[in-house]
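Peer 1: Predicted structure and sequence below. I'll ask about it afterward.
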Amino acid sequence: MKAALIRELGTLPEAAEVDDPVGDDVVEVVAAPLNPIDIAVGRGMHFSGHPQLPYVPGCEAAAAPSDGLGVSRNGAMAERVAIGDAIAADVPEGADPAVAGALGIAGLAGWLPVTWRAPVREDDTVLVLGATGTVGQVAVQAAKARGAARIVAAGRNAELLARAEQLGADASIRLDDADGLVEAFRAAFDGTGPSYVFDPLWGEPGAAAVEAAAPGARIVQLGQSAGATATLTSAAIRFKQLSIFGHTNYRVPPAELTAEYQRLVETAVAGDVTVDVEHVPLDDVPEAWQRQADGLAERKLVVVL
């Protein structure tokens, strides 16, 4: 069968012929999203290691992510895959397979913090960091659907920030000026700061959001795209009585993960959540992989087979 194949760590995958998987858990793959975790595994930088080389990458197929797929064994960027212990969910009728795939790891990372981990309230004023990616743009739409009073999108790409405003953000902030972020975050919420922060970035933007947050604000932390560490002042947390919630999709109980995934896809089928997808043929995986690694993908990249 045809698949993407990584022969050495740190190199681009190539389209190749590989042996078919065997077993009663083999499924046909129609869409396999390309995620940052795939790049980390392919570089040998993921904490869980990598499959034995050479290996097929891809940590999820549409509606089937797992702890081992594409991390400890062959992944989903192939015509067929043995899903093993994957959390397999039925895709609601009428869903585009590529969109259903995009709403898996990335979509749920934007959806679950806002609807499940620390649900947005109708009076919340919400700051969405990293709003130029699929995760952040789904978070903007989820906050809008929950009736947030104000939503401000923050990111570095002006064109994609404009897209976040089309999707429901009331305003946007460029993250280029790290020294002025605290003031910019406060000013975007009439000087009081946000009551809710969605943070997949950490680093300097995360620290600035903590400093700018309104008294009693809730902060959901789910990633470190801007840095693995952030310097926070004790006073900002103590005297404002902030609450910080950690989130990872992998800690969500399987039954709830499946239910929320189906709910999210149904919302997308109804037209209430939009995710911008780029279909990537298997032969074009090397170029798409490089764009993902360089942070140059402006749509969610999904390998279609």
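Peer 2: Nice, I can see it.
Peer 1: C-alpha from now on. contacts and neighbour counts both.
Peer 2: Noted.
Peer 1: now the helices for the stretch 1-150 of the chain?
Peer 2: 36-42, 97-102, 105-112, 134-145 (DSSP state H, counting those that start in this stretch).
Peer 1: Export those as a markdown table, with columns for mean pLDDT and mean neighbour count.
Peer 2: Compiled in a markdown table, the helices of the stretch 1-150 of the chain are given as follows (pLDDT from 0 to 100; neighbours: other C-alpha atoms under 10 Å):
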| stretch | mean pLDDT | mean neighbour count |
| --- | --- | --- |
| helix 36-42 | 95 | 21 |
| helix 97-102 | 93 | 26 |
| helix 105-112 | 96 | 25 |
| helix 134-145 | 98 | 27 |
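Peer 1: could I get those as a markdown table with distance to Arg73?
Peer 2: As requested, the helices of the stretch 1-150 of the chain are exported to a markdown table (distance: least, C-alpha to C-alpha, whole Å):
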| stretch | distance to Arg73 |
| --- | --- |
| helix 36-42 | 11 |
| helix 97-102 | 20 |
| helix 105-112 | 18 |
| helix 134-145 | 26 |
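Peer 1: For Ile244, which of those is the nearest?
Peer 2: Distance to Ile244, taken as C-alpha to C-alpha, is lowest for helix 105-112 among those, at 15.3 Å.
Peer 1: For the nearest residue to Ala236 once chain neighbours are set aside, which three-state class applies?
Peer 2: In space, and not counting its chain neighbours, Ala236 is closest to Glu211: 5.7 Å by C-alpha to C-alpha, 6 or more residues apart in numbering. When classified by DSSP: H, G, I helix; E, B strand; the rest coil, Glu211 comes out as helix.
Peer 1: Could you tell me the per-residue confidence at Glu211?
Peer 2: Per-residue pLDDT puts Glu211 at 97.
Peer 1: That one and Glu183 touch, don't they?
Peer 2: No: in this structure Glu211 lies outside contact range of Glu183 using C-alpha atoms under 8 Å: 9.4 Å.
Peer 1: Same drill for these two, tell me which one is more crowded.
Peer 2: Using other C-alpha atoms under 10 Å as the criterion, Glu211 and Glu183 rank with Glu211 on top: 22 against 15.
Peer 1: Next, find the distance separating the more buried one from Ala149.
Peer 2: 21 Å (C-alpha to C-alpha, to the nearest Å).
Peer 1: Just list the residues touching Ala188, thanks.
Peer 2: 152, 171 (C-alpha atoms under 8 Å, 6 or more residues apart in numbering).
Peer 1: center of this structure, which residue is that?
Peer 2: Nearest residue to the geometric centre of the chain (C-alpha atoms, centre = their mean): Ala106, 3.0 Å.
Peer 1: ok, now which ones touch it?
Peer 2: Ala106 is in contact with 35, 134-135, counting by C-alpha under 8 Å, 6+ apart.
Peer 1: can you list those residues in CSV and add distance to Asn74?
Peer 2: Shown next, in CSV, are the contacts of Ala106 (distance: C-alpha to C-alpha, whole Å):
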residue, distance to Asn74
Asn35, 15
Thr134, 25
Val135, 25
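Peer 1: Contacts only, for the residue nearest to Ala236.
Peer 2: Taking C-alpha under 8 Å, 6+ apart, we find Glu211 in contact with 182, 232-233, 236.
Peer 1: Considering those residues, which possesses the most neighbours?
Peer 2: Going by other C-alpha under 10 Å, Val182 tops the contacts of Glu211 with 19 neighbours.
Peer 1: any idea how far Ala184 is from the residue sitting furthest away from the middle of the chain?
Peer 2: Each residue of the chain has a distance to the centre, and by C-alpha atoms, centre = their mean the biggest one is for Phe239: 31.7 Å. Per C-alpha to C-alpha, Phe239 is found 21 Å from Ala184.
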